[in-house]
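S.K.: return atomic coordinates for the entry below.
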Amino acid sequence: MNLSRYKAEYAEYKATGQLNNSIKKWSTNGKNLLFGIFRLVIIVGISYVILSPLIGIVSSSFFSEEDVYNPMVYLLPTAPTLERYTKAILRLDYWNIMKNTLLYTVSLTLIQLVVTSMVGYGFARFDFPFKKLLFGCVVIMIVIPTHTVMLPLYMSFATFDPFGILSHFGVETNLLSSPVPMYILTLFGCGLRSGLYIYIFNQFFRGLPKEIEEAAFVDGAGPWRTYLRVMLPNAVPSIITVTVFSLVWQYNDTFYGKLFLISDDILISKSILSLQDNITNLDKILDPSISQLYVYAGIVMLILPLVIMYVLLQRHFIEGVERSGIVG
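M.R.: Below you'll find the model as predicted:
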């Protein structure tokens, strides 16, 4: 009797279409689950490929001598030690050089923000002769590799004499071995990645409605006041984007540091390159496998400020990238 009742309920369930709907629902849920698992595997795999070198460096910086020569140790040290960090801090003179590096990096970034935002605003809102040609030069600054102009840059600052003025007074100026060339390049919008920053600001200012400028002009504001009081406050996403890019690239720069012979006491990215030699010569650690561990500790301390900065500005940075014209 129960069997007959179940058959009747099944026939009714099937007739109303509920069975097909349930099958479709289970099928959809199953596909979504499989797609979610597949997506998770892909994301984890790509993340591991990208982060595995960094994970290895961080892990190795805590290795002791026993861990280095123990074939059973992988990533997790059996006898972790902080000796690598204490020695690296000492040989790098970490706190002093970090202060100099941050002062150098932040000052260049501030100059770059002012100059590139003004140039980007000018290209976006004003018409002037040769505007398209000059903006084409900005684009060329982005696409041309810096290595192609390294020799002219070196010679220009080795015998710095703009328009031949100094030669009339018998003055010979060599600006190498100092950060002055970087400040000059940045001040004139030719510094590290300045072309890209000008492009970012230009794209952002072009996207702002002209009505806000017209309202400012009606109220009696001139171009400079409009730029400072109206346009810049609305360009916060682009400012954050350019700030992060500039800080990171100036902080990590070794190309211009080597080209202009800037002191290792100013750029920690250059100082880290000689850390292993200092450890070998001063501490008599001749085993390259052991001395390399101190370099790993120095690298971790090098990237730590950048990680902290990105964590603090992550949300604003992503929003700025989306609104600044880099993508889309």
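S.K.: just the pLDDT for the nearest residue to residue 231 once chain neighbours are set aside.
M.R.: In space, residue 231 comes closest to residue 121 once its chain neighbours are excluded; the distance is 5.9 Å by C-beta to C-beta, 6 or more residues apart in numbering. C-betas here are computed from N, CA, C, even on glycine. Per-residue confidence (pLDDT) for residue 121: 91.
S.K.: next, the buried residues of the helix or strand residue 138 falls within.
M.R.: According to DSSP states H and E, residue 138 maps onto helix 131-143. For helix 131-143, a neighbour-count test (16 or more other C-beta atoms under 10 Å) marks 135, 138, 141 as buried.
S.K.: I'd assumed residue 195 was in contact with the second one.
M.R.: Yes - under the criterion of C-beta atoms under 8 Å, residue 138 is in contact with residue 195, at a separation of 5.0 Å.
S.K.: residue 296 and residue 82, how far apart?
M.R.: 13 Å (C-beta to C-beta, to the nearest Å).
S.K.: which other helices and strands contact the one helix or strand residue 54 maps to?
M.R.: Per DSSP H and E, residue 54 falls inside helix 18-60. Contacts defined by 3 or more C-beta pairs under 8 Å, 6 or more residues apart in numbering; DSSP states H and E place helix 18-60 against helix 288-323.
S.K.: the helix it packs on to helix 18-60, inter-axis angle?
M.R.: Interaxial angle, helix 288-323 versus helix 18-60 (axes from the mean of the first three to the mean of the last three C-alpha atoms, to 10 degrees): 130 degrees.
S.K.: averaged pLDDT, helix 288-323. What do you get?
M.R.: Per-residue scores along helix 288-323 average to 81.
S.K.: could you point out where this structure is predicted with low confidence?
M.R.: For the chain, the stretches with pLDDT under 70 are 1-27, 166-172, 316-328.
S.K.: mind giving me the domain ranges of it?
M.R.: In terms of domains, the chain is parsed into 2-60, 90-323 (source: automatic domain parsing).
S.K.: and these: which comes nearest residue 73?
M.R.: Residue 73 sits nearest to domain 2-60 of all the domains of the chain, at 9.5 Å, using C-beta to C-beta.
S.K.: circling back: what strand or helix carries the residue nearest to residue 231?
M.R.: Judged by DSSP H and E, residue 121 forms part of helix 94-125.
S.K.: tell me what that helix is packed against?
M.R.: In terms of contacts (3+ C-beta pairs under 8 Å, 6+ apart), helix 94-125 is packed against helix 131-143, helix 180-187, helix 194-207, helix 236-252, helix 268-271, helix 288-323.
S.K.: dump the ones you listed into a markdown table; add distance to residue 40 as well.
M.R.: As requested, the helices and strands packed on helix 94-125 are exported to a markdown table (distance: least, C-beta to C-beta, whole Å):
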| stretch | distance to residue 40 |
| --- | --- |
| helix 131-143 | 36 |
| helix 180-187 | 44 |
| helix 194-207 | 34 |
| helix 236-252 | 29 |
| helix 268-271 | 36 |
| helix 288-323 | 22 |
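S.K.: for residue 113, find the nearest of those.
M.R.: helix 236-252 (6.1 Å).
S.K.: what angle sits between the closest one and helix 194-207?
M.R.: Computed by the same axes, to 10 degrees, the angle between helix 236-252 and helix 194-207 is 170 degrees.
S.K.: and helix 236-252, what's buried?
M.R.: The neighbour-count check on helix 236-252 (16+ other C-beta under 10 Å) flags 237-252 as buried.
S.K.: on that earlier part again, hmm, who's touching the helix holding residue 138?
M.R.: Residues outside helix 131-143 that contact it (C-beta atoms under 8 Å, 6 or more residues apart in numbering) are 119, 123, 190, 193-196, 198-199, 202.
S.K.: go again using 6 Å as the cut-off
M.R.: 123, 195-196, 198 (C-beta atoms under 6 Å, 6 or more residues apart in numbering).
S.K.: following that helix, which helix or strand shows up next?
M.R.: Following helix 131-143 in sequence, per DSSP H and E, is helix 150-158.
S.K.: buried residues in that next one?
M.R.: Within helix 150-158, the residues that count as buried by 16+ other C-beta under 10 Å are 153, 156-157.
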